[in-house]
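>>> Dropping a prediction and its sequence here:
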Amino acid sequence: MAKKLVTPEVFRKKVADQSDLFLITERAQGVYHEFLPQGLRVIKTPKELIFPEWEGVYRFSFQDRSWKVWEIETGDFSPRFLFLLPCEARAVIEVLDGNFLQKDYIDKNYWQRRKNLHLIVLGCYTIPKTCFCSLVGGNPLWRDGRSLFVLPFQGELYVENDETMLFGEGKSVDAREEETLATREEELKASLPPPLPSDFPQKLYAHFDEGIWKDLSWRCINCGACTFLCPTCYCFDLSVEGRLRGLTLKTWDSCMFPRFTLHASSHNPRPTGKERVRQRVMHKFSYLPLREGYYGCVGCGICREICPVNWDIRETVERMAKYLG
């Protein structure tokens, strides 16, 4: 693994010289704007690139008294580099990849976008007040060991795993600097709130019918803004556009919407906000960790930032953890 120090000037120039290859998330830009050139394409969350808000899946046409159906291919995407924060990188690597790139099924359109997308994880040297990544097993310096990792260090930028020397030759990190970095990381982790108890997903599952859910959910207005901006939410709907000729569309959907689970019989198993809020919390903090081994939340806090009524998923989870003992 390559570890080096690069000056901010070299780093900024390398990005500027190839600016058409780079994108950055809105939250990462807010933290690293002083180290990056102007004019980079900004996206709200990484899922916009690999799991777009809408896309065609199939086209169909009735010709010569028979139906013809063919799959819509996304085609190849040129290599691109995405600057993002550790929590956003976890959302891609653990949650989205875990869902769309399973051993027994691979979403071809997702893979076509994902395979040439290279992540550059920007370590958080300032921690937003809304962040709670440590609660779900993350930390501000999280990285997966394969993606590039960048962190300001002693007036320069520490770049890890840059085997391609994307940002210039740089200076190799010596043993003393490596020890300082490791100590700094351990001190940062020790200062963060501890993660949820290991048995929290199981306890949450066992208390599905508790009356506390009504109290926890009353403020939420089910607008769905949290799920659309959440980097880990991947629910989608399929709709047919056209009659004798048209296409099947895959579009983002939200468990917050009243029609999300509406049956053809008109029965709705989640008729009120209480059931919908419970589903969102249970899916992220119970169902996914019990089934897949990871939380469906990375603690980025964006849902806390944009909620119009200040409904707080961290507050809900912490209250449930205290309630369950």
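Now that the structure is in, tell me what you want to look at.

>>> got the contact list for residue 160?
With contact set as C-beta atoms under 8 Å, 6 or more residues apart in numbering, residue 160 has these partners: 1-3, 143, 148-151. (Glycine included, C-beta is placed from N, CA and C.)

>>> can you tell me how far the nearest residue to residue 68 once chain neighbours are set aside sits from residue 245?
Nearest residue to residue 68, sequence neighbours excluded (C-beta to C-beta, 6 or more residues apart in numbering): residue 61, at 5.1 Å. As judged by C-beta to C-beta, to the nearest Å, residue 61 and residue 245 stand 5 Å apart.

>>> Hmm, residue 101 and residue 107 touching each other?
Yes. Between residue 107 and residue 101 there is a contact under C-beta atoms under 8 Å: 7.2 Å.

>>> quick one, which of the two is more surrounded?
residue 107 (18 against 14; other C-beta atoms under 10 Å).

>>> Please, where are all the helices along the stretch 51-200 of the chain?
According to DSSP state H, counting those that start in this stretch, the stretch 51-200 of the chain carries its helices in the segments 86-90, 97-100, 108-114, 175-191, 200-206.

>>> Assumed residue 30 was part of a helix.
Yes. Per DSSP: H, G, I helix; E, B strand; the rest coil, residue 30 lies within a helix segment.

>>> Next, count neighbours for it.
13.

>>> and it, how far is that from residue 200?
31 Å.

>>> again, but for residue 159
Residue 159 is 36 Å from residue 200, by C-beta to C-beta.

>>> quick one on the thing from earlier: mind putting the helices of the stretch 51-200 of the chain into a markdown table with mean pLDDT and mean neighbour count?
Shown next, in a markdown table, are the helices of the stretch 51-200 of the chain (pLDDT from 0 to 100; neighbours: other C-beta atoms under 10 Å):
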| stretch | mean pLDDT | mean neighbour count |
| --- | --- | --- |
| helix 86-90 | 97 | 27 |
| helix 97-100 | 96 | 17 |
| helix 108-114 | 93 | 17 |
| helix 175-191 | 93 | 12 |
| helix 200-206 | 96 | 17 |
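
>>> where does this structure dip in pLDDT?
Low-confidence segments of the chain (pLDDT under 70): 165.

>>> repeat that for 80
1, 75-76, 128, 163-165, 167-169 (pLDDT under 80).

>>> Give the helix, strand or coil label for residue 268.
coil.

>>> Can you mark which positions in stretch 146-161 are buried?
By neighbour count on 16 or more other C-beta atoms under 10 Å, the buried set for stretch 146-161 is 147-153, 156-161.

>>> returning to what we had before: residue 322 is nearest to which of the helices of the stretch 51-200 of the chain?
Set against residue 322 and scored by C-beta to C-beta, the helices of the stretch 51-200 of the chain come closest in helix 200-206, at 11.0 Å.

>>> who are the neighbours of that closest one, in terms of helices and strands?
Contact here means 3 or more C-beta pairs under 8 Å, 6 or more residues apart in numbering; DSSP states H and E; on that basis helix 200-206 packs against helix 273-282, helix 288-292, helix 313-324.

>>> Name all residues that make contact with residue 129.
Neighbours of residue 129 in contact, by C-beta under 8 Å, 6+ apart: residue 301.

>>> Walk me through the domains of the protein.
For the chain, the domain assignment from automatic domain parsing gives the residue ranges 3-51+74-191, 200-237+253-324.

>>> Please name the nearest non-neighbouring residue to residue 24.
residue 83 (4.0 Å).

>>> What about the one you found, how many residues nearby?
25.

>>> can you check residue 42 too?
14.

>>> Then the one 3 residues further on?
Residue 45 sits with 22 neighbouring residues when counted by other C-beta under 10 Å.

>>> List the residues that contact it.
Residue 45 neighbours (C-beta under 8 Å, 6+ apart): 25, 88, 91, 229-231, 302.

>>> which SS class is it?
coil.

>>> circling back to that earlier point, keep only those of the buried residues of stretch 146-161 that are in strands.
148-153, 156-160 (DSSP state E).

>>> Including distance to residue 97, could those residues go into JSON lines?
Output for these, formatted as JSON lines (distance: C-beta to C-beta, whole Å):
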{"residue": "148", "distance to residue 97": "17"}
{"residue": "149", "distance to residue 97": "18"}
{"residue": "150", "distance to residue 97": "21"}
{"residue": "151", "distance to residue 97": "23"}
{"residue": "152", "distance to residue 97": "28"}
{"residue": "153", "distance to residue 97": "29"}
{"residue": "156", "distance to residue 97": "31"}
{"residue": "157", "distance to residue 97": "27"}
{"residue": "158", "distance to residue 97": "26"}
{"residue": "159", "distance to residue 97": "23"}
{"residue": "160", "distance to residue 97": "20"}
